[in-house]
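Novice: sequence first, predicted model second:
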Amino acid sequence: MTRFLPRPELLDSPRHRDWPAVPGPEPSVPPPLPATADVVVVGAGPAGLAVAAALWHVGVHDVVIIDRDGRPAGRFLDRIDRIGQRVLRSPYEHHPGVEGYRDCELRDFARMHWALLTAVERREVRMSQAGHRSVVPVDVFEAYCRHTAAIHGVPARLWPGEVRVLEPGPERVTVQGTGFTVDARYVVLCQGEERRAAPAGWWSGARPAAVGYWDEPPPARAGHEVVVGAGLTSAHLIHNALERGARVSWVLREESERYQCSDVNASFFRAEGRARFDNVPWADRMALMRRERRASVMFEFRPELRAAEADGRLTVRRGGEIAAVGDGEVLLADGRRVAGDHVWLALGTVPSIGAGLLPDDLVAARDGWPDLDERTLAFRAAPRVFAAGAAACMVLGPAGRNIDGHRVATARIATSVAAGLRDQAVARV
Ligand SMILES: Cc1cc2nc3c(=O)[nH]c(=O)nc-3n(C[C@H](O)[C@H](O)[C@H](O)COP(=O)(O)OP(=O)(O)OC[C@H]3O[C@@H](n4cnc5c(N)ncnc54)[C@H](O)[C@@H]3O)c2cc1C
């Protein structure tokens with residue numbers, strides 16, 4: 001039997017290398033946002049990028065992409081950099097792109113830039129070629145996103161802005177945002193996820209001063225940091241605090257930490273895993289989601305975290321249900337108190353499901369998930385509006401929130417949109 005050995009050096013890819021610019025027209029001052037479009041895509045993260053590429057492949061070119069940051073995959077990369085993550089958790093096979101079209105894929109792209117890769121990174125490319133699990137540098141992923149955006153004409157169709165309201169009608173959807181209105185035939189929501197806030201009751205009034213979320217800047221100086229959360233983000237926060245020379249307390253609700261390569265079971269990235277969600281009763285899907293969407297840490301962190309615990313730099317408070325959070329301290333339900341100089345909250349993320357943009361009766365949320373047509377990923381009560389990314393998890397399974405799941409979602413959405421536009425064109429003749 002082969003034993004899996006965690007290799008911490010895989011986590012250490014260099015960041016912000018000088019990657020060759022993608023050939024193409026120089027960026028110019030963008031024209032004003034058009035008043036009409038066949039499709040408006042809300043969000044230019046990995047999911048929005050995949051949707052834009054898919055639409056390009058099926059011949060839908062009158063597309064407007066609106067994103068708060070106005071940069072392809074901008075928020076994703078900002079979050080990654082904020083916690084100092086250097087490699088993706090997903091392997092080379094999980095490239096942002098389109099299911100069914102053989103574009104230059106993430107691994108091909110890495111091979112084309114072999115000279116820029118370190119020896120460790122090259123070995124990971126070979127691992128992927130041999131069909132093994134592989135680790136992708138964030139640098140490679142960022143450059144690949146730029147490449148994907150450029151070859152599918154995304155920069156010329158991407159505008160910064162925030163979409164505030166969608167008004168679906170029988171023939172069109174009105175998209176209203178910060179100082180603009182676009183009249184679209186179809187809208188695809190690719191909003192991603194927002195950070196999960198602390199439950200009401202952990203503190204009263206304003207958030208205590210020495211308490212911060214994972215996506216906020218680190219404290220100016222803290223000798224003892226308390227990290228709450230069980231996922232990969234927590235592992236990065238612990239690593240960063242140890243690097244700063246701080247002592248760390250790690251508060252885990254579970255009885256033990258979980259180490260896994262991927263954040264969901266690998267079967268959910270394949271058709272047989274997705275089939276476990278197809279036409280299955282809602283309660284069974286909810287049970288699967290509860291079981292499968294649980295926080296875990298990449299194996300490669302295990303040696304560092306175990307060593308820090310053994311030599312006392314890290315104290316792990318396992319089985320700690322939190323009762324309250326105060327200034328730099330956490331009170332556990334069993335009466336234990338974990339005190340430090342700063343508390344980090346890394347409680348995961350919550351899918352954005354169109355609530356706030358669409359009226360509630362059109363989102364028709366159940367247990368926090370929107371009511372989507374399983375075949376097309378359109379909102380059942382607003383068939384001109386589609387959802388990709390985490391919002392599609394109750395159709396595609398837990399991998400719907402991952403880069404690989406976006407590909408599956410985009411294939412369904414692009415096919416439906418192209419067919420709808422064709423039917424309308426025929427009806428007009
Ligand atoms: C730290 C971290 C590491 C991760 N690592 C991986 C990984 O290795 N592999 C993997 O598969 N997944 C990973 N994930 C999950 C990851 O979030 C998704 O795979 C990916 O970012 C989702 O892409 P997205 O486009 O759905 O969302 P996002 O990347 O969040 O993009 C959504 C975009 O939509 C914009 N937006 C939202 N609402 C509006 C609006 N109303 N108007 C205008 N713009 C709007 C947002 O500002 C954002 O720019 C990670 C997540 C985090 C937080």
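Specialist: Great, that's in hand.
Novice: tell me where the stretch 1-150 of the chain has strands.
Specialist: Assigned by DSSP state E, counting those that start in this stretch, the strands in the stretch 1-150 of the chain fall at 36-42, 63-67.
Novice: run through the bridge partners of residue 355.
Specialist: Note on residue 355: beta-bridge partners by DSSP bridges are residue 358.
Novice: isn't it right next to residue 365, touching?
Specialist: Yes: using CB atoms under 8 Å, residue 355 makes contact with residue 365 at a distance of 6.4 Å. (Each C-beta comes from the backbone N, C-alpha and C, glycine too.)
Novice: near the ligand, which residues of the stretch 301-429 of the chain?
Specialist: Contact residues, the stretch 301-429 of the chain versus the ligand (CB under 6 Å from any ligand atom): 349, 352, 389-390, 401-403.
Novice: among those residues, which lie within strands?
Specialist: Among these, the ones falling in strands (DSSP state E) are residue 349.
Novice: JSON lines for the residues of the stretch 301-429 of the chain next to the ligand, including neighbour count, pLDDT and distance to residue 212?
Specialist: Converted to JSON lines, these look like this (neighbours: other CB atoms under 10 Å; pLDDT from 0 to 100; distance: CB to CB, whole Å):
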{"residue": "349", "neighbour count": "18", "pLDDT": "96", "distance to residue 212": "16"}
{"residue": "352", "neighbour count": "21", "pLDDT": "98", "distance to residue 212": "22"}
{"residue": "389", "neighbour count": "31", "pLDDT": "96", "distance to residue 212": "26"}
{"residue": "390", "neighbour count": "25", "pLDDT": "96", "distance to residue 212": "24"}
{"residue": "401", "neighbour count": "23", "pLDDT": "92", "distance to residue 212": "24"}
{"residue": "402", "neighbour count": "24", "pLDDT": "93", "distance to residue 212": "26"}
{"residue": "403", "neighbour count": "28", "pLDDT": "94", "distance to residue 212": "27"}
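Novice: can I get the residues of the stretch 301-429 of the chain next to the ligand in CSV with distance to residue 94?
Specialist: As requested, these are exported to CSV (distance: CB to CB, whole Å):
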residue, distance to residue 94
349, 18
352, 21
389, 14
390, 15
401, 12
402, 7
403, 5
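Novice: so which residues on the stretch 101-250 of the chain come close to the ligand?
Specialist: 162-163, 190-192, 233.
Novice: so where do the helices sit in the protein?
Specialist: Along the chain, counting by DSSP state H, helices occupy 46-57, 74-82, 106-112, 119-129, 138-151, 232-243, 271-274, 282-292, 302-310, 360-363, 393-396, 403-428.
Novice: go through the ones you listed and find the least confident stretch.
Specialist: Of all those, the minimum mean pLDDT falls on helix 271-274 (a mean of 87).
Novice: which residues touch the closest residue to residue 100 other than its chain neighbours?
Specialist: Sequence neighbours aside, residue 411 is the residue nearest to residue 100 in space, at 5.8 Å (criterion: CB to CB, 6 or more residues apart in numbering). Applying CB atoms under 8 Å, 6 or more residues apart in numbering, we find residue 411 in contact with 54, 98-100.
Novice: just among those residues, which is most surrounded?
Specialist: When neighbours are taken as other CB atoms under 10 Å, the top entry among the contacts of residue 411 is residue 54 (29 neighbours).
Novice: correct me, but that residue touches residue 414?
Specialist: Yes: shown here, residue 54 and residue 414 form a contact pair, counting by CB under 8 Å, at 3.6 Å.
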